[in-house]
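this is the structure alone, sequence omitted:
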DNA sequence: TGCCAGGCCGGGT
DNA sequence: ACCCGGCATGGC
């Protein structure tokens, strides 16, 4: 089976196993952006606590966060981990949003896909995965999100080498799939669903994985 | 109880 | 152009 065919087949297999995931879990676009930054290398349940703190304080909007002293912000998002770093990253994004787009996410998201991605990537603390997540789930524009699960799952199925870069993996996926926002949104969410259950870093419990029927014998399963 | 979670930056080589 | 230490909480 060719690589492109596998990538397409994964989608059907994942969808059959888990159904539509309906990502991103947020009540507003701004909440989505905040969640994207807070979830960097962090369990989502910890992010939920941090977001709940911001909501409880009525601070989950660009203007309120812009006016909030950084130490206050750090304390509120503490459950999400790396709270000093993340407070700075949130502030960097908000500074860009307020400074260049009047604090209006709609104006930022009105940029074309490529310009939007580059603009967001220009913020210190926002790398390719966070930027693509915001483009795909916030602005709802077509870009494929690559994360640790994507790399690990694709690698364990022999689709990519260990040294594949973010861009390598993204091009591979975008070359195999039709450019469709809904498909990209579900594909990434489903990969995370598979990863959480069957593709953790050091626990190769590939049994029961909806993708395992395609897993070739002798495939390295222990790393990355 | 150590390992892991939906990364990214900055300094050093 | 890579490589690596640092950043931190909470769950299993």
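The structure has been received and is ready for your questions. Since this is a predicted model, take the numbers as computed values, not measurements.

which residue does chain A have closest to DNA strand B?
Closest contact between chain A and DNA strand B, by CB to the nearest atom of the strand, is at residue A:127 (2.2 Å). In this view, the C-beta of every residue, glycine as well, is placed from N, C-alpha and C.

next, the contact list for that residue, please.
For residue A:127, the contact set (CB atoms under 8 Å, 6 or more residues apart in numbering) comprises residue A:121.

and the host helix or strand of residue A:55, what does it pack onto?
Residue A:55 belongs to helix A:44-56 when assigned by DSSP states H and E. If you count contacts as 3 or more CB pairs under 8 Å, 6 or more residues apart in numbering; DSSP states H and E, helix A:44-56 packs onto helix A:29-38, helix A:70-76.

tell me the helices and strands packed up against the longest one.
For helix A:29-38, the packing partners by 3+ CB pairs under 8 Å, 6+ apart come out as helix A:44-56, helix A:83-101, helix A:105-109, helix A:128-133.

spatially nearest residue to residue A:181, not counting backbone neighbours?
Closest residue to residue A:181 apart from its sequence neighbours, by CB to CB, 6 or more residues apart in numbering: residue A:142 at 5.1 Å.

how far away is that neighbour from residue A:202?
Distance, residue A:142 to residue A:202, using CB to CB, to the nearest Å: 34 Å.

quick revisit: figure out which of the helices and strands packed on helix A:44-56 is closest to residue A:178.
Smallest distance to residue A:178 across the helices and strands packed on helix A:44-56 (CB to CB): 23.9 Å, for helix A:29-38.

quick one: is the closest one near DNA strand B?
Yes: contact of helix A:29-38 with DNA strand B (CB under 7 Å from any atom of the strand) involves A:35, A:36.

next one: stretch A:111-125
Yes: contact between stretch A:111-125 and DNA strand B is present through A:124, A:125 (criterion: CB under 7 Å from any atom of the strand).

so what pLDDT did the residue most central in space within chain A get?
Of all residues in chain A, the one closest to the mean position by CA atoms, centre = their mean is residue A:133, 4.4 Å from it. pLDDT for residue A:133: 98.

dump the residue contacts of it.
A:24, A:36, A:145, A:188.

how much space between it and DNA strand C?
Note on residue A:133: its distance to DNA strand C, by CB to the nearest atom of the strand, to the nearest Å, is 18 Å.

same thing with residue A:38?
From residue A:38 to DNA strand C the distance is 11 Å (CB to the nearest atom of the strand).

if I pick that residue, what's in contact with it?
Residues near residue A:38 by CB under 8 Å, 6+ apart: A:47, A:50, A:51, A:77, A:80, A:86, A:90.

doesn't residue A:36 make contact with the third one?
Just to be clear, that refers to residue A:51. No: with contacts counted by CB atoms under 8 Å, residue A:51 stays clear of residue A:36, the gap being 11.2 Å.

what's the burial count for the residue of chain A found nearest DNA strand C?
Residue nearest to DNA strand C within chain A: residue A:81 (2.6 Å; CB to the nearest atom of the strand). When neighbours are defined as other CB atoms under 10 Å, residue A:81 has 17 of them.
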